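> could you work out the structure for the sequence below:
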Amino acid sequence: MKELWIEITENLPSTVKTDLIRAASESADVILISDSESQTTKIHGKPIAGPFENADIRIINLQKVEDIPTTKRDNIAARVIVTRGEDEAKAEYAARLVRYIILKCIDWKTIPLENLIAKLRRKSKIIMEVDTIEDARLALETLQLGADGVVYKPRTREEITQIAEIVRRSPVKITLSEAEIVNMKPLGVGARACIDTCDLLNPREGLLVGSQSSGLFLVESETFENPHVEPRPFRVNAGSVASYTLVSPERTKYLSELRCGDEVMIVDFKGKTRTVNICRVKIEWRPMVMITAKCEGRNMNVILQNAETIRLVTSEGSVSVSEVKPGVKVLVRSEAGGRHFGTLVEEESVIER
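Residues are numbered from 1 along each chain as shown. Below you'll find the predicted structure:
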């Protein structure tokens, strides 16, 4: 689990510092302060980090190797300012004896962090100092593993909430159900959207798409091997541009609204989710097919391109829309209520046919 350290800046007004400490006590794992505020912070029961003797985690500003304790200390964090390769070497040496390495990278940020994630893994925890919410996101995803946590100096309570959401973000599981196909209807030519992502998708992963926001079909990425075209594992041929897709656990969008750089939620056959960015949305005009399935006593529809490479995920694999027939069961997300500009309102009654 990633750690959130909140550093309270000394030069803030006392009322602001008190408010930030209170907010940090609700969201942070560690509060980093100067000695003068230590007694105030202890009231809120969070571990305190600071450059003073009675801190729960004592901060050592590491400037030379002699600053490092000679015996292993679990309650020590070595703060290293990285401006050149020699500073990475100091951090690597200190990691043998201290529990935390706090990195402050002045110019280059990503490469030094990548180097130290690779070298310090399972030796010491890396806590990266960040200046912005986006820097925090980058640090937590660098080299796939990411830093073990971040230190952030907030100016407002809202910033603490925002960065806590980034640090605590964890995969969400979507509940999927089986729906039985009851009808297939070939349609004429329509505009369909291929969602090309910035990532490689796995078999039985894809997007949840449908004509009703309360009933979304799991459309598989183009990962299925076939004798006619190469797989495109970055793509989901998601169907009619008027379809809904679930872009986060709480929100849908029309396929026509998606743009390069947007985030979408990829879902696998077990309901596991992950967020990826869109590289392009490719809209072309193709013959379409409407598929109707029944789940929990009600019908739901999806309109997809009528081609062999478009597949719906099932509990045991996937099936091409060219092979789908009544009686086949596919995976869907079914929910109650309506959506207002993409946001679920469970109490609202909406009729979408």
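> C-terminal to the longest helix seen in the chain, what's the next element?
Looking across the chain with DSSP state H, the single longest helix is helix 14-27. Following helix 14-27 in sequence order, the next helix or strand is strand 30-32 (DSSP states H and E).
> which residues touch that following strand?
3-8, 21, 24-25, 41, 44, 46-50, 56-57, 59, 151 (C-beta atoms under 8 Å, 6 or more residues apart in numbering). Backbone N, C-alpha and C define where each C-beta goes, glycine included.
> mind doing that once more with 7 Å?
The contact list for strand 30-32 (C-beta atoms under 7 Å, 6 or more residues apart in numbering) reads 3, 5-8, 21, 24, 41, 46-50, 57, 151.
> repeat for stretch 254-263
193, 195, 238, 241-245, 247, 264, 275, 277-281.
> report the buried residues of that stretch.
Under the neighbour-count criterion of 16 or more other C-beta atoms under 10 Å, stretch 254-263 has 255, 258 buried.
> could you tell me the end-to-end distance of it?
End-to-end distance of stretch 254-263: 13 Å, with C-alpha to C-alpha, to the nearest Å as the criterion.
> ok so, going back, buried residues in the longest helix of the chain, which are they?
Buried residues in helix 14-27 (16+ other C-beta under 10 Å): 17, 20, 21, 23, 24, 27.
> of these, which is the nearest to residue 217?
Nearest to residue 217 among the buried residues of helix 14-27, counting by C-beta to C-beta, is residue 27 at 37.2 Å.
> next up, the contacts around the closest one.
Neighbours of residue 27 in contact, by C-beta under 7 Å, 6+ apart: 4, 160, 164.
> so which residue is smack in the middle of this protein?
With distances taken as C-alpha atoms, centre = their mean, residue 275 lies nearest the centre of the chain, 4.9 Å away.
> now do the same for that one: helix, strand or coil?
strand (DSSP: H, G, I helix; E, B strand; the rest coil).
> with adjacent residues omitted, what lies nearest to it?
Among residues not flanking residue 275 along the chain, residue 263 sits closest, at 5.1 Å (C-beta to C-beta, 6 or more residues apart in numbering).
> before we move on, what about residue 199?
Distances taken as C-beta to C-beta, 6+ apart place residue 276 nearest to residue 199, at 4.3 Å, with adjacent residues excluded.
> quick one: the one you found and residue 202 touch, right?
No. When contacts are counted by C-beta atoms under 7 Å, residue 276 is not listed as touching residue 202 (11.6 Å).
> of the two, which one has the most company?
Shown here are residue 276 and residue 202; by other C-beta atoms under 10 Å, residue 276 has more neighbours (18 against 15).
> and the more buried one, what does it touch?
197, 198, 199, 264, 266 are the contacts of residue 276 under C-beta under 7 Å, 6+ apart.
> tell me which of the residues you listed fall in strands.
Per DSSP state E, strands hold the following members of these: 197, 264, 266.
> scan these and report the most crowded one.
For these, neighbours tallied by other C-beta under 10 Å; top is residue 264, 24 neighbours.
> roughly how far apart are that residue and residue 226?
Applying C-beta to C-beta, to the nearest Å, the value for residue 264 to residue 226 is 24 Å.
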